[in-house]
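Trainee: 3D, please:
(chains A and B)
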Amino acid sequence: RYVRQLQRLQLLFSPTAADSRGARQFVEEAAVDFARQHPDVVLYVSPRTGLAPVLVAEYLNGTVREELIASRTSEEIKQLATKLAGQSGLDIIRIRKPFHTDNPSIQGQWHPLTNKPSALTVQGPRLQPK
Amino acid sequence: MVLLSVPLWLRSRLTDRFWRVQEVLKYARHFRGRKNRCYKLAVRSVRRAFVKSTKARREKKRFLRALWITRIEAASLEHGLKYPAFISNLVKSQVELNRKMIADLAIYEPKTFKSLAALAQRRRQEGFLAALGDGKEPAGIFSRIVHHY
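Mentor: Numbering: from 1, shown residues only, chains lettered A, B, ... in the order given. Now for the predicted structure:
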């Protein structure tokens, strides 16, 4: 069954600063709907003064992602929150290979002696196969 | 009222210069010499590095295919077959494995590769018999595969 990788979303904004206006509108209008639509994500809303408004997302594998929401509208913050809710906590870098195995070899990896006759099979003038 | 021209005494200063320079230098950190420190040299080197990496994506496909072919040739020579004979007989037996998979099998699955080499060898012998044996003996098993294309 699907397990949402987003653990908690912390919305830190200032109650008076101008760039937190979108965050305040989000909290008034859309935060409760967002929390209802994503029941397995915990949404913390805490006002703090003096610093830029930020949305902190923490994932089940421990990664913490901070996104600045200064001077953004409530709609954009909602879209950003849904995007973060759909992500997993893996780092966003280029994936080198789209596949991975822990056991690449089943028959035993090739080494220089795989296709050579062993002491059990070698036939020489004096050596007999055992 | 709308002002359409900025007065000449209004000056604005660039405050972002550090970060604009760092955006370029971060791609040059592993270079050799002064190109990894000095912006003027780094700009040229970083641009050339990007251009080379874009063009090299086409070369990479050719390079990897040559690598696979080398590995398959080495592996099939261990079993007494040359590469052209191996590949052509596999294709005639309708085994549609690409070179990447055959090379991976040769490394990680040596017994499977040995059986593929034996299949190709058998098909080769049947081909010789069909060409030289004048059709009195029944045609071989692996050469009677129905081709679905």
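Trainee: and chain B, which residues reach chain A?
Mentor: B:75, B:78, B:79, B:106, B:107, B:108, B:109, B:110, B:111, B:112, B:114 (Cβ under 8 Å from any Cβ of the partner chain). (C-beta placed from N, C-alpha, C; glycine too.)
Trainee: tell me the two of the residues you listed that are most distant?
Mentor: Farthest-apart pair in these is B:79 and B:108; separation 16.3 Å (Cβ to Cβ).
Trainee: Where does pLDDT dip in the chain?
Mentor: Let's take chain A. By pLDDT under 70, the weakly predicted segments of chain A are A:120-124, A:127-130.
Trainee: You answered for a different chain; I wanted chain B.
Mentor: Counting by pLDDT under 70, chain B has low-confidence residues at B:135, B:137, B:139.
Trainee: Tell me who's in contact with whichever residue of it sits closest to chain A.
Mentor: Residue nearest to chain A within chain B: residue B:108 (4.0 Å; Cβ to the nearest Cβ). Going by Cβ atoms under 8 Å, 6 or more residues apart in numbering or on different chains, residue B:108 touches A:104, A:105, A:106, A:107, A:109, A:110.
Trainee: Let's see that with 10 Å instead.
Mentor: Neighbouring residues of residue B:108 by Cβ atoms under 10 Å, 6 or more residues apart in numbering or on different chains: A:101, A:103, A:104, A:105, A:106, A:107, A:108, A:109, A:110.
Trainee: so residue A:57 sits in a helix?
Mentor: No. With DSSP: H, G, I helix; E, B strand; the rest coil as the criterion, residue A:57 is assigned strand and is not in a helix.
Trainee: so what's it bridging to?
Mentor: Listed by DSSP bridges, the beta-bridge partners for residue A:57 are residue A:9, residue A:65.
Trainee: Would you indicate which residues of the longest helix along chain B are buried?
Mentor: Ordering each helix of chain B by length in residues (DSSP state H) puts helix B:39-78 first. Going by neighbour count (16 or more other Cβ atoms under 10 Å in any protein chain shown), the buried part of helix B:39-78 is B:42, B:45, B:46, B:49, B:68, B:71, B:72, B:73, B:75, B:76, B:78.
Trainee: Now do the SS call for the closest residue in space to the second one that isn't next to it in sequence.
Mentor: With Cβ to Cβ, 6 or more residues apart in numbering or on different chains as the criterion, residue B:45 has its nearest non-adjacent residue at 4.4 Å, and that residue is residue B:35. Remark: residue B:35 carries the secondary structure label helix [criterion: three-state DSSP].
Trainee: Thank you, goodbye.
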